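>>> what's the 3D shape of this:
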Amino acid sequence: VLYKSLQSTTAEIAETSFECMRSFIAGFQIDMEMVHQVMRQLLLNLGDYRNLNLSLIQRLAFLAQLFSNVFSEKLCEQLLQHLKKWLEVAIVTQKQASAGGNKAGG
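Numbers count the residues shown, from 1 in each chain. Okay, here's the model as predicted:
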C-alpha cells in the first residue's frame, strides 16, 4: 500500500507515504526483493529521458533516501545523464515558448 501511495501524482499523498515508509523501515525489516521489484519497474521508465516527469523524479528521490544502498554508482551516473538531458530539453522548450510569445505580442 505504501509503495502504491508513493507513486501518487498528488504530492501530499506521496510525501505522507514517504514519511510512513521511513517510520516503518526504522522499526521493521523490509523485504528487499519487493524493493528491487519496485526499482525495476521504475527503471524501466528511465530507458528514455523523455519518460521523466516530476512525479517520477520525486519518486526516485524518495526511494534514494529510503534505500540508498540500492542505488549503485553506475545507476546514479545514468540518472544524472537523464536528468541533464531532461533539463536541456526543458530549457529549450521554455526558450521556444518565450520566443513564440514574444513574436505574438510584437
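>>> going forward, measure contacts and count neighbours with C-alpha atoms only.
Will do.
>>> So for the lengthiest helix in the chain, what gets flagged as buried?
Here the longest helix in the chain is taken by residue count, with DSSP state H as the criterion, and it is helix 73-105. Burial within helix 73-105, assessed by neighbour count using 16 or more other CA atoms under 10 Å, is assigned to 79, 82-83, 86.
>>> And for stretch 31-48?
Under the neighbour-count rule (16+ other CA under 10 Å), stretch 31-48 has 39, 42, 46 buried.
>>> ok, now how distant is the first one from G100?
Separation of M39 from G100 (CA to CA, to the nearest Å) stands at 39 Å.
>>> just the second one next, same as before
Separation of L42 from G100 (CA to CA) stands at 35 Å.
>>> quick check, nearest of the buried residues of stretch 31-48 to T10?
Ranking those by separation from T10, with CA to CA as the measure, puts L42 on top at 17.5 Å.
>>> For that closest one, give me its contacts.
For L42, the contact set (CA atoms under 8 Å, 6 or more residues apart in numbering) comprises L56.
>>> Could you give the number of residues near the closest residue to S8 other than its chain neighbours?
Nearest in space to S8, with sequence neighbours left out and distances taken as CA to CA, 6 or more residues apart in numbering, is A14 at 5.5 Å. In terms of burial, A14 registers 22 neighbours under the definition other CA atoms under 10 Å.
>>> ok, A14 touching C20?
No - checked against CA atoms under 8 Å, the pair A14 and C20 is beyond contact range at 9.9 Å.
>>> Turn the buried residues of helix 73-105 into JSON lines, columns for pLDDT and distance to R59.
JSON lines is the format used below for the buried residues of helix 73-105 (pLDDT from 0 to 100; distance: CA to CA, whole Å):
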{"residue": "L79", "pLDDT": "81", "distance to R59": "13"}
{"residue": "H82", "pLDDT": "82", "distance to R59": "15"}
{"residue": "L83", "pLDDT": "82", "distance to R59": "14"}
{"residue": "W86", "pLDDT": "83", "distance to R59": "16"}
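>>> which one of those residues is nearest K4?
Distances from K4 to the buried residues of helix 73-105, taken by CA to CA, are shortest for L79, at 22.0 Å.
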